[in-house]
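Chemist: next input, structure requested:
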Amino acid sequence: MNVSKVTRLKEDERVLLIVRHLWVVYILRALLAALLIGAPFFFMIPLMSLETWGLVSFSVSVIAGAVFAVRLLWIWYWNAFVITTYRIVDIDQHGFFDRVVSEAPYEKIQDVSYGIRGIWGTLFRYGTVVVQTAGANTNLELPFVKHPKDVQHLITSTAASFRARSNGGARSEKVADLLDAASDLTDAEARAFLVAVQEAVSGSKSEFGVREIKEREEALEEFLGEDGEDDEMDG
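Modeler: Residues are numbered from 1 along each chain as shown. Predicted coordinates for the structure are as follows:
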């Protein structure tokens, strides 16, 4: 699927999975299309004996079956969940010229659930995945999904990773801003600032990792040491 036809991806956004309806739910309509195309050939001799009307009936049936089959394939292809590293895009295709595209960024997702109902759903292991979003946004729903449990797990794990990256990036920017501001502090103020930063950073070790935090603490201590030497030279 060319996702760029329905939405514009961000520069570093990647498509992780495209989820479509299970083919089993289309089997009856596919058989009807095959019947419309194949039946006229089976009754070709009786139809040709009718001359003009027989030829018209033959042509109408074959063309109608072909159009119905192409439409069915078009709907199956474009009815999908597009799961990316930033969001979920829900494409609802109802015909050749009827398409609705909705999306839910991971920061707006509150809950992801799935349900399997009926004998056929249990037998072929398909169900419905529902993504609940915050605010007035419409919930996203895709029925007839193969292995809905795996789809739910992918969405929830990707959303958790996205939130962790977002929180980590925000904290990194804040620490960088504080380090820049520290250059204007006196020695006493800078040492008090170091204590405050160490206390704040200690609560974020699960996000950044012990090694990275230690490197930042050492860099800050080195900066304070240089600042103290400058104060002695000035004195």
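
Chemist: neighbours around Tyr126, how many?
Modeler: By the measure other C-beta atoms under 10 Å, the count of residues near Tyr126 is 22. Backbone N, C-alpha and C define where each C-beta goes, glycine included.

Chemist: list the contacts for it?
Modeler: Leu22, Val24, Val25, Ile116, Trp120, Phe144, Val145, Lys146, His147, Pro148 (C-beta atoms under 8 Å, 6 or more residues apart in numbering).

Chemist: adding pLDDT, write those out as TSV.
Modeler: What follows is these, written out as TSV (pLDDT from 0 to 100):
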residue	pLDDT
Leu22	90
Val24	86
Val25	86
Ile116	93
Trp120	88
Phe144	91
Val145	92
Lys146	91
His147	91
Pro148	92
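
Chemist: quick one: Val89 and Val101 touch, right?
Modeler: Yes. The criterion here is C-beta atoms under 8 Å, and Val89 meets it with Val101 at 6.6 Å.

Chemist: mutual contacts of those two, please.
Modeler: Common neighbours of Val89 and Val101 (C-beta under 8 Å, 6+ apart) are Val6, Thr7.

Chemist: neighbour count: these two, which is higher?
Modeler: Neighbour count, other C-beta under 10 Å: between Val89 and Val101, Val89 has more, with 21 against 14.

Chemist: show only the entries of the contacts of Tyr126 found in helices.
Modeler: Mapping these onto helices (DSSP state H) picks out Trp120, Pro148.

Chemist: which PyMOL command selects the buried ones in the contacts of Tyr126?
Modeler: The PyMOL selection below is limited to those of the contacts of Tyr126 classed as buried (16 or more other C-beta atoms under 10 Å):
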select buried, resi 22+116+144+145+146+148
